[in-house]
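K.L.:
below: sequence and its predicted model.
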There are 2 protein chains.
Amino acid sequence: MTGRAVCVVGLGLIGGSVLRAAVRAGRPAWGATASGADQEAAAGDGFTVLPVEDALAKAADTDALVVLAVPLPAVDEVLRTVAAVAPSCLLTDVVSVKEPVTEAVARRAPDARYAGGHPMAGRSASGWAAGSAELFDGAPWVVATEDEVSPAAWRAAAELALACGAHVVPTTASEHDAAVARISHLPHVLAAVLAATGAAGGPLALALAAGSFTDGTRVAGTRADLVLAMCEGNRERLLDAVDDALGRLGAARGALASTGGLAATIRAGNEGRAALVALRDTPREELRIDLTDPEAFEDLRSLGSGGGRILRLEGDVAIADLPD
Amino acid sequence: MTGRAVCVVGLGLIGGSVLRAAVRAGRPAWGATASGADQEAAAGDGFTVLPVEDALAKAADTDALVVLAVPLPAVDEVLRTVAAVAPSCLLTDVVSVKEPVTEAVARRAPDARYAGGHPMAGRSASGWAAGSAELFDGAPWVVATEDEVSPAAWRAAAELALACGAHVVPTTASEHDAAVARISHLPHVLAAVLAATGAAGGPLALALAAGSFTDGTRVAGTRADLVLAMCEGNRERLLDAVDDALGRLGAARGALASTGGLAATIRAGNEGRAALVALRDTPREELRIDLTDPEAFEDLRSLGSGGGRILRLEGDVAIADLPD
């Protein structure tokens, strides 16, 4: 089924890149968007762009995989059209939080065969023009792997992720949302805090800023509405992550004020960064998971929890690897 | 005086790069280091490396500019040798805080003709092997410009900075220390907090980490002892910056918990980042400052406060520019 058609709703940075990558992989693929600018740009680049209802009707006719690629606040409205035009379609999404989208699908399009998704790739620019077919090459792409997920939709979403050059990280919506609060949403909040604190030092401070400030504030340049949709949509999980960070920063403050020593803070940071580098550099062990096994989803979730990923599918077998 | 000899004490990343850049500029230059590994590596690369006392004696004989390039905790010991061997030498430093070094020079080597310095360039690797002659190209290099600073030392330090490819930012030790707390030391603390908070999410979180986490934690990979020397040496100023960041992060926490809205935080971050980009991209106005003017140092400090920099020296005139 590597040739399944793909219908992408939303043609910003991520959706636009999915459409390009699907075409690169040889899939029949078309898009739809409410943005006049993105529509014009995508059509101008030679891609098929249809009105949303037509795009979804075509997906229903051809059993295409529908990819929701709109910001969280726009998800409900698109799902209403899905329920009207393509109620039992194969459905995934590339929205940055998974529990709210899973709940919205259950509420608005309960007959859709749905498996949530989230490619972990981005850049601070946005819109169709910022996208590229290569955006997902080598990137992790979460596919939600709860027992309730439709196996057909899981398979279609995983195949799309792999066709786009990504590897698949299987986990639950809940574990995904907790993880991205720490490694995607908190970084945006801390980058904003750092940018504001640095700029409060005036032109002299900004004139002296070198790599540590430039890198640490890069994502503070992202369009505010996109960051807000992402962070506010993951409110409870982000609160946990912010509280953890506040506790650590408060402890650093206390240590600096009392003993003058920051060793515990800096060492913990060293260890965290080393864990990131180790996960990327450690030799990995290959393993095979039989997708027809009744416990397959449980095995896949364990793979994800351990830092593992699916590299390709061979028939009904997922070829995966895991840090050794 | 573009040909003044340079004696660099300390041959780690920064000192090693100063020695290479001085040689690249055609200066007679030699180094000294307490590190056997750096000594061997620098000599192996064809540079002149002498025992510290011999290096300083040679500097005294030739009126060379002595550059202290050791971590803050080692400054006192080197200054004792300076006082013994080259008591009235031209002296600058490349240490990351300026008030503590200024105080140490006044205490240990009061006859030295001293102007503090700080090139704002670095990378997370350390030691001679990590350095390069190009490290300072296009970078800001602070030269302390208090009324008490020896004009001869100021001139020698500024000429060295320019010869190394940097531009000179004139300011006081105190304003420097407050500025770098915000744009250099706080970024290290926040990177450590982010790395530790992310790693607490386990292998799944680290496996999903993309650009925002990778960039935001890059400097958390810096050697802990170097970060500690830098941050702990600027304790009072860093406390102010951490308190500012804690206040902003606490406000974000409160807003997220009460209304669920992060707009004020994210918008302030957007504005801070935009101010950084604007300072780098704004057209700049050229101006000339006569260094023989009795008010020259005051004019230079205003230049630095406004985000300006010295691009070159023409005789006794500093050619500078300032955001328009």
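P.N.:
It's in.
K.L.:
which residues touch the residue of the stretch 201-324 of chain A found nearest chain B?
P.N.:
Taking Cβ to the nearest Cβ, chain B has its nearest neighbour within the stretch 201-324 of chain A at A:G269, 2.5 Å off. Heads up, the C-betas are built off the backbone N, CA and C, glycines and all. If a contact means Cβ atoms under 8 Å, 6 or more residues apart in numbering or on different chains, then A:G269 has B:188, B:191-196, B:217, B:220 as its contacts.
K.L.:
same list, the residues you listed, but as CSV with distance to B:G250, secondary structure and pLDDT please.
P.N.:
Formatted as CSV, the contacts of A:G269 follow (distance: Cβ to Cβ, whole Å; DSSP: H, G, I helix; E, B strand; the rest coil; pLDDT from 0 to 100):
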residue, distance to B:G250, secondary structure, pLDDT
B:H188, 20, helix, 97
B:A191, 19, helix, 98
B:A192, 19, helix, 98
B:V193, 14, helix, 98
B:L194, 16, helix, 98
B:A195, 21, helix, 98
B:A196, 18, helix, 98
B:T217, 22, coil, 97
B:A220, 22, helix, 96
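K.L.:
which secondary structure element of chain A has the lowest mean pLDDT?
P.N.:
helix A:224-232 (a mean of 91; mean pLDDT, DSSP states H and E).
K.L.:
figure out how far that one is from the centre of its chain.
P.N.:
Relative to the centre of its chain, helix A:224-232 is centred 14 Å away, using Cα atoms, centre = their mean, to the nearest Å.
K.L.:
in that helix, what counts as buried?
P.N.:
For helix A:224-232, a neighbour-count test (16 or more other Cβ atoms under 10 Å in any protein chain shown) marks A:224, A:226-232 as buried.
K.L.:
can you give me the helices in chain A?
P.N.:
Assigned by DSSP state H, chain A shows helices spanning A:13-24, A:36-44, A:52-62, A:75-85, A:99-108, A:151-163, A:173-180, A:186-199, A:202-208, A:211-216, A:224-232, A:235-258, A:263-281, A:296-305.
K.L.:
buried sites along stretch A:207-222?
P.N.:
In stretch A:207-222, counting by 16+ other Cβ under 10 Å, buried: A:207-222.
K.L.:
so how far does that stretch reach from one end to the other?
P.N.:
This stretch, stretch A:207-222, spans 21 Å end to end (Cα to Cα, to the nearest Å).
K.L.:
now A:V105: how far from A:R113?
P.N.:
Distance, A:V105 to A:R113, by Cβ to Cβ, to the nearest Å: 10 Å.
K.L.:
now look at stretch A:122-138 and say if it contacts chain B.
P.N.:
Yes: interface with chain B: stretch A:122-138 contributes A:122-123 (Cβ under 8 Å from any Cβ of the partner chain).
K.L.:
run through who's touching that stretch.
P.N.:
A:11-18, A:20-21, A:23-24, A:33, A:35, A:37-38, A:41-42, A:45, A:119, A:121, A:161, A:164-167, A:218-219, A:221-223, A:226, B:210-212.
K.L.:
rerun that using 6 Å as the cut-off
P.N.:
A:11-13, A:16-17, A:20-21, A:24, A:38, A:41-42, A:119, A:121, A:164-166, A:221-223, A:226 (Cβ atoms under 6 Å, 6 or more residues apart in numbering or on different chains).
K.L.:
can you turn the buried part of those residues into a PyMOL selection?
P.N.:
Under the burial definition 16+ other Cβ under 10 Å, those of these that qualify are selected in PyMOL by:
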select buried, chain A and resi 11+12+13+16+17+20+21+38+41+42+119+121+164+165+166+221+222+223+226
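K.L.:
which residues does A:V78 contact?
P.N.:
A:9, A:68, A:70.
K.L.:
let's see it at 10 Å
P.N.:
A:9-10, A:32, A:34, A:52, A:56, A:66, A:68-70, A:93, A:104, A:108-109 (Cβ atoms under 10 Å, 6 or more residues apart in numbering or on different chains).
K.L.:
give me the number of residues near A:G138?
P.N.:
9 (other Cβ atoms under 10 Å in any protein chain shown).
K.L.:
revised request: answer the last question for A:N234.
P.N.:
The number of residues near A:N234, taken as other Cβ under 10 Å, comes to 25.
K.L.:
how much space between it and B:L226?
P.N.:
From A:N234 to B:L226 the distance is 35 Å (Cβ to Cβ).
K.L.:
next one: A:L79
P.N.:
52 Å.
K.L.:
farthest pair within the contacts of A:G269?
P.N.:
Within the contacts of A:G269, two members stand farthest from each other by Cβ to Cβ: B:H188 and B:A196, at 12.8 Å.
K.L.:
where do the contact lists of these two overlap?
P.N.:
With Cβ under 10 Å, 6+ apart, B:H188 and B:A196 have common neighbours A:265-266, A:269, B:220.
K.L.:
of those, closest to B:V149?
P.N.:
Among the shared contacts of B:H188 and B:A196, and counting by Cβ to Cβ, the member closest to B:V149 is A:I266, at 32.3 Å.
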